[in-house]
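Q: predicted structure and sequence below. I'll ask about it afterward.
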Amino acid sequence: MELADRTAGWVLAETQAGRLKQGDYLDACLDRIAAREPEVKAWVCLDAEAARTAAGASAGLLAGMPLGVKDVFDTLDWPTSYGSPLYAGHRPGQDAAAVALARAAGCVLPGKTVTTEFAYFHPGPTANPHNTDHTPGGSSSGSAAAVGAGMVPFALGTQTAGSVIRPAAFCGVVGYKPTFGTIATFGVKQFAWSLDTVGVFARDLADAALLAEVLSGLLLRPSGETGSPRIGLYKAALWSSPSEAMAVTLEKVAAVAEAAGAQVTEVILPDVCASLFEDQKLIMAYEGARSLAHERRGKREALSTPLLELTDAGARVDPNDYLQARARSRQARAALAALFQDVDVLLTPSAPGAAPRGLAATGDPAFNRAWTLLGQPCVTLPAGRDPSGLPLGVQLVGGFDDDARLLAAAAWLERVLAA
């Protein structure tokens, strides 16, 4: 295995043991960026020498670790354009909270990673590192692709519908969207204030938990061997139909988990969850219209047609419908709490299938919208490939504010799938 493909945890252990010099890993990652960036196009801006200089002065738990940062996070020393020509060359006055915390732990930024326009659906130039004719997903396109291509060990993203879990699955990496509010969103361009969630991409579950622990201050990393979890198998018939390859993969993962000792039971969601898919779309449109009021008021000609269509529709939403959608989501979360008394996690598809061909769209977030609306923590794990060779991912969903249990179950399943 090449050095650039190693996990942060492995590199940190080897460096501490004196078998690896600090800076060697960063150089390997920068070499990988130079080799693959022309075809993957994961980065909005890059400066290898600035990263090396920052690494030389870095200290902390993650000293010298390169980090991809989605270009919706404000950064003091990098332009932040939010994926829009309206903000080309924009220089924020400070780092976003998550960026500041990552730097305090020793992370260095080689640059900023590509986002879709304002973290909605209009894509940037990034391609899937496993097949550049296919989308990497979105809106955290560059972050997922950079980790998937071995350019960085981990990266920051955001999810408002499916923007961490879906691209992580498409790019064959681990994606973790914590419980809503776990990681501070201060300094992140807002789209929908009751949905926007900071998440992370990584090569393995341990790295994802390590970075999330640094950013949240919570104890999230699984300690030692964890017991086999109780898994609720949810095939997500309410939201969408998975591809044949995805359906087969989900069944295989469930069977492997059961054979390894997990208790697997097929579950259905409470009736109150039936409207979550549409409610998420309504809330996202309503809040997006208001969060982007400045851009919509004076700069409409610079906004994409899909964004204008969504936010114009959101501006027309009856406020009572918005409030009722929020009320239903609270009821659904309470109903799900009872379900999580009987299971530790739900197992469900991360996406309808592998990454679709073409770069004009980022794929369907059907299997993510409900969990984002409810604020539930989610993890996607690589789970094989479809017949064309593209990655497939399975999603674990945990109870609200029960991230440690979710990550322990994910660590267990990751070990089982690797065996």
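A: Sure thing, it's come through.
Q: got the buried residues for stretch 104-120?
A: Judged by neighbour count (16 or more other Cβ atoms under 10 Å), stretch 104-120 contains these buried residues: 105-120. For glycine as for every other residue, the C-beta is placed from the backbone atoms N, C-alpha and C.
Q: domains for the chain, by residue range?
A: Listed domain ranges for the chain are 3-216, 230-272+331-418, 276-324 (source: automatic domain parsing).
Q: picking that back up, narrow the buried residues of stretch 104-120 to those in strands?
A: 111-113 (DSSP state E).
Q: and the domains of the chain: which comes nearest residue 224?
A: Residue 224 lies closest, by Cβ to Cβ, to one member of these: domain 230-272+331-418, at 9.7 Å.
Q: re the thing from before, got TSV for the domains of the chain, with mean pLDDT and distance to residue 222 too?
A: Below are these laid out as TSV (pLDDT from 0 to 100; distance: least, Cβ to Cβ, whole Å):
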stretch	mean pLDDT	distance to residue 222
domain 3-216	97	7
domain 230-272+331-418	96	4
domain 276-324	97	29
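Q: pick the most buried one from the ones you listed.
A: domain 3-216 (a mean of 23; mean count of other Cβ atoms under 10 Å).
Q: quick check: end-to-end length of it?
A: 28 Å (Cα to Cα, to the nearest Å).
Q: report the distance from stretch 268-278 to the chain centre.
A: 23 Å (Cα atoms, centre = their mean, to the nearest Å).
Q: other residues contacting that stretch?
A: 234, 238-239, 325, 328-329, 331-332, 335-336, 338-339, 366, 369-370, 373-374 (Cβ atoms under 8 Å, 6 or more residues apart in numbering).
Q: one more: stretch 89-96?
A: 73-76, 79-82, 100, 103, 186-188.
Q: now swap in stretch 324-335 and tell me
A: By Cβ under 8 Å, 6+ apart, stretch 324-335 touches 194, 270, 272-273, 275-276, 279, 282-283, 373-376, 400.
Q: so can I have a markdown table of the residues you listed showing distance to residue 303?
A: Output for those, formatted as a markdown table (distance: Cβ to Cβ, whole Å):
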| residue | distance to residue 303 |
| --- | --- |
| 194 | 22 |
| 270 | 38 |
| 272 | 35 |
| 273 | 33 |
| 275 | 29 |
| 276 | 28 |
| 279 | 25 |
| 282 | 20 |
| 283 | 20 |
| 373 | 24 |
| 374 | 29 |
| 375 | 28 |
| 376 | 31 |
| 400 | 34 |
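Q: tell me the one of those nearest residue 54?
A: residue 375 (34.0 Å).
Q: for residue 417, see how far away the closest residue in space to residue 233 that isn't next to it in sequence is.
A: Leaving out its chain neighbours, the residue that sits closest to residue 233 by Cβ to Cβ, 6 or more residues apart in numbering is residue 266, at 4.6 Å. Using Cβ to Cβ, to the nearest Å, residue 266 is found at 20 Å from residue 417.
Q: with residue 296 instead?
A: On the measure of Cβ to Cβ, residue 296 and residue 417 end up 45 Å apart.
Q: from what I can see residue 395 touches residue 350, true?
A: Yes - under the criterion of Cβ atoms under 8 Å, residue 395 makes contact with residue 350 at 4.1 Å.
Q: overlap of the contact sets of the two?
A: 165, 169, 367-368, 380.
Q: in helices only, show me the contacts of stretch 324-335.
A: Of the positions in the contacts of stretch 324-335, 276, 279, 282-283, 373-374 sit in helices, assigned by DSSP state H.
Q: longest single helix anywhere in the chain?
A: Longest helix in the chain, counting by DSSP H: helix 319-339.
Q: check this protein for me, the residue farthest from its geometric middle.
A: residue 18 (32.8 Å; Cα atoms, centre = their mean).
Q: residues touching it, list them.
A: No contacts exist for residue 18 under Cβ under 8 Å, 6+ apart.
Q: next, give phi and psi for the residue nearest the centre of the chain.
A: When Cα atoms, centre = their mean is applied to the chain, the residue found nearest the centroid is residue 164 (2.0 Å). The phi/psi pair for residue 164 (degrees, to the nearest 10) reads phi -110, psi -50.
Q: for it, which non-adjacent residue is spatially closest?
A: Nearest residue to residue 164, sequence neighbours excluded (Cβ to Cβ, 6+ apart): residue 199, at 3.6 Å.
Q: measure the one you found to residue 30 for me?
A: For residue 199 relative to residue 30 (Cβ to Cβ), the value is 25 Å.
Q: next: residue 148.
A: 17 Å.
Q: next: residue 9.
A: 20 Å.
Q: got it, and residue 283?
A: Applying Cβ to Cβ to residue 283 and residue 30 gives a distance of 41 Å.
Q: same question, residue 419
A: Taking Cβ to Cβ, one finds residue 419 at 34 Å from residue 30.
Q: how about the helices in this protein?
A: 8-16, 24-40, 48-56, 97-104, 141-148, 165-170, 205-216, 244-259, 276-291, 293-298, 305-315, 319-339, 369-374, 403-418.
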